[in-house]
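A.B. asks: structure here, sequence nowhere to be found:
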């Protein structure tokens, strides 16, 4: 496990409030400095941010997204990730993108069908092979890898992320694919 992963795992164990997964751009300011950051998840009391530049642990910061802002301190940092502990509570829904993600209803329907044990064509989860002969799990793993690569390419463009908050759908879709793979692993 790399340094960032072990720090994040430790922080996740100590969380006091549930996190909502986000993928939104914001600005982090401190001591006359400011950088663009990606907010990956948020709770009422803190957020996980990603940026090439994150101030030292303990630094007082101001996180801004549009007209929203919240003060806090850097609680931890590792590689390109860091945790911000807020000075007061936030309403997480205010920080989420306003327009619904394109295709979200379709993804929700597919996930609902999967949970009910149905897949496209009326197949039952865990028993299907795809037309090319691969197992469903293999196809989901390949799809997951392709989506992760696409997402990693897109988040490098701060302007694209800022103007298209629906890119968050990629991260949400990856989480859903992970849950599907977990269920397929448990059912076989």
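C.D. replies: Structure's in. What do you need? No experiment lies behind these values; they were computed from the predicted model shown.
A.B. asks: for the rest of this, base every contact and every neighbour count on C-alpha atoms.
C.D. replies: Will do.
A.B. asks: where does this structure dip in pLDDT?
C.D. replies: 1-17, 98-109, 111-112, 115, 117-134, 158, 186-188 (pLDDT under 70).
A.B. asks: can you pull the domain assignment for the protein?
C.D. replies: The chain breaks down by automatic domain parsing into domains covering 3-95, 104-187.
A.B. asks: and residue 24, what does it touch?
C.D. replies: 38-40, 96-97, 161-162, 165, 168 (Cα atoms under 8 Å, 6 or more residues apart in numbering).
A.B. asks: among the domains of the chain, which is the most enclosed?
C.D. replies: domain 3-95 (a mean of 17; mean count of other Cα atoms under 10 Å).
A.B. asks: all the helices of the chain, residue numbers only.
C.D. replies: Ranges of helices within the chain are 3-14, 92-95, 104-115, 136-155, 158-163, 168-187, based on DSSP state H.
A.B. asks: list the residues that contact residue 36.
C.D. replies: Counting by Cα under 8 Å, 6+ apart, residue 36 touches 25-28, 51, 158.
A.B. asks: relative to residue 136, how far out is the nearest residue to residue 162 once chain neighbours are set aside?
C.D. replies: In this structure, residue 162 finds its nearest non-sequential neighbour in residue 25, 5.6 Å apart by Cα to Cα, 6 or more residues apart in numbering. Distance from residue 25 to residue 136, counting by Cα to Cα, to the nearest Å: 34 Å.
A.B. asks: could you measure the residue nearest to residue 97 when sequence neighbours are not counted against residue 63, distance?
C.D. replies: Sequence neighbours aside, residue 165 is the residue nearest to residue 97 in space, at 6.0 Å (criterion: Cα to Cα, 6+ apart). Remark: distance between residue 165 and residue 63 (Cα to Cα) = 17 Å.
A.B. asks: contacts for stretch 47-61?
C.D. replies: So stretch 47-61 is contacted by 28-30, 35-42, 71-77, 80-86 (Cα under 8 Å, 6+ apart).
A.B. asks: how about 7 Å then?
C.D. replies: 28-30, 36-42, 71-77, 80-85 (Cα atoms under 7 Å, 6 or more residues apart in numbering).
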